[in-house]
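Chemist: Next come a sequence and a model predicted from it.
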Amino acid sequence: MDVRAGKGGSRELLLLLLAALMVACGKTGDTGQTPASDTFQTTRASIQTWLTDVRDEGPIISAAELKETILDDWDHQKEYYQIVSVRSPDDYRHAGHIPHAINIYWVQTVTDESLARLDSTRTLILYCYYGHGSMISATILGLLGYQCYSLDLGMMNWNLDALVKEPWDRQADHEIETGATRAMESYPAPVLTGHRTGARSIILEMARAYFSGEGSPVIRSDDVKTLVDGWDRKETEYQLVDVRSKEDY
């Protein structure tokens with residue numbers, strides 16, 4: 001995605017990810033043993049509790065804070081933190097990584113092998129390229145009970161030589177509008193199907209289904225612009241949602 005913000009953009013991705021998880025579980029095609037409405041309400045209540053807990057400061061850590069308060073004092077801080085690169089294994093090995101970081105590729109966040117490598121007694125600090133993959137991983141792990149932070153803007157904000165990808169050029173200038181657009185209809189919640197009960201088990205099952213999908217959950221700003229330009233043909237297929245504050249909207 002070309003347009004990247006700092007903490008605000010990460011929070012937006014977090015909320016959109018939660019919506020995607022809900023929808024993904026509704027597409028599993030499983031017959032399920034738990035009533036769909038009960039599954040949805042159980043999951044929603046757990047997610048809302050987590051969102052309330054992280055609302056004030058958000059699950060974001062800056063590069064400066066990571067370096068100055070944690071890495072520069074690693075001998076004293078290592079018992080409290082675990083650093084995780086969620087970039088590809090090749091980039092972890094060949095492009096360099098933040099000191100003391102282990103590697104778990106973001107699409108493998110909730111495999112049994114990956115979870116066995118994560119210390120639930122320490123705070124996890126996850127990072128990727130621009131902050132998208134680590135925010136997805138941190139959100140899901142946070143919902144599973146881990147204490148997590150995502151590195152703001154990822155490796156782009158840590159070391160450009162190790163970024164591998166092109167850094168954002170800050171040239172976003174697509175059209176905006178200031179009038180309010182309101183949803184004109186009420187829609188039913190997605191149908192969640194599965195065999196699990198209890199919020200954590202349901203979320204774990206949902207996350208594994210989500211990660212088994214194809215492609216990236218991040219869309220480029222140019223692609224969104226194409227949708228907007230052809231909105232008369234696309235409005236039955238897509239819904240655009242601004243999850244920033246009402247004031248910023």
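Modeler: Alright, I've got the coordinates.

Chemist: pretty sure Glu68 is in a strand, no?
Modeler: No - looking at Glu68 with DSSP: H, G, I helix; E, B strand; the rest coil, it is helix, so not inside a strand.

Chemist: That one: neighbour count?
Modeler: If you count neighbours by other Cβ atoms under 10 Å, Glu68 ends up with 11. (Each C-beta comes from the backbone N, C-alpha and C, glycine too.)

Chemist: and if you look at Gly142?
Modeler: By the measure other Cβ under 10 Å, the count of residues near Gly142 is 21.

Chemist: again, but for Asp53
Modeler: Asp53, neighbours per other Cβ under 10 Å, totals 10.

Chemist: All the strands of this structure, residue numbers only.
Modeler: Secondary structure of the chain (DSSP state E): strands located at 60-61, 81-85, 102-103, 123-127, 148-151.

Chemist: Out of these, which gets nearest to Thr181?
Modeler: Using Cβ to Cβ as the measure, strand 60-61 is the one of the strands of the chain that comes nearest Thr181, at 28.1 Å.

Chemist: Tell me the helices and strands packed up against the closest one.
Modeler: helix 7-25, strand 148-151 (3 or more Cβ pairs under 8 Å, 6 or more residues apart in numbering; DSSP states H and E).

Chemist: give me that answer again for 6 Å
Modeler: Based on contacts counted as 3 or more Cβ pairs under 6 Å, 6 or more residues apart in numbering; DSSP states H and E, the elements that strand 60-61 packs against are strand 148-151.

Chemist: Contacts for the strand it packs on, please.
Modeler: 59-61, 124-127, 134-135, 138, 141-142 (Cβ atoms under 6 Å, 6 or more residues apart in numbering).

Chemist: Make JSON lines from those residues and add distance to Tyr238 and pLDDT to it.
Modeler: Shown next, in JSON lines, are these (distance: Cβ to Cβ, whole Å; pLDDT from 0 to 100):
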{"residue": "Pro59", "distance to Tyr238": "27", "pLDDT": "85"}
{"residue": "Ile60", "distance to Tyr238": "28", "pLDDT": "91"}
{"residue": "Ile61", "distance to Tyr238": "33", "pLDDT": "95"}
{"residue": "Leu124", "distance to Tyr238": "33", "pLDDT": "98"}
{"residue": "Ile125", "distance to Tyr238": "34", "pLDDT": "98"}
{"residue": "Leu126", "distance to Tyr238": "29", "pLDDT": "98"}
{"residue": "Tyr127", "distance to Tyr238": "30", "pLDDT": "97"}
{"residue": "Ser134", "distance to Tyr238": "26", "pLDDT": "95"}
{"residue": "Met135", "distance to Tyr238": "22", "pLDDT": "93"}
{"residue": "Ala138", "distance to Tyr238": "26", "pLDDT": "94"}
{"residue": "Leu141", "distance to Tyr238": "29", "pLDDT": "95"}
{"residue": "Gly142", "distance to Tyr238": "28", "pLDDT": "93"}
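
Chemist: nearest to Gly230, of the strands of the chain?
Modeler: strand 148-151 (33.1 Å).

Chemist: Which parts of this structure are helices?
Modeler: 7-25, 36-54, 63-65, 74-77, 89-94, 112-116, 132-143, 199-211, 221-229, 231-234 (DSSP state H).
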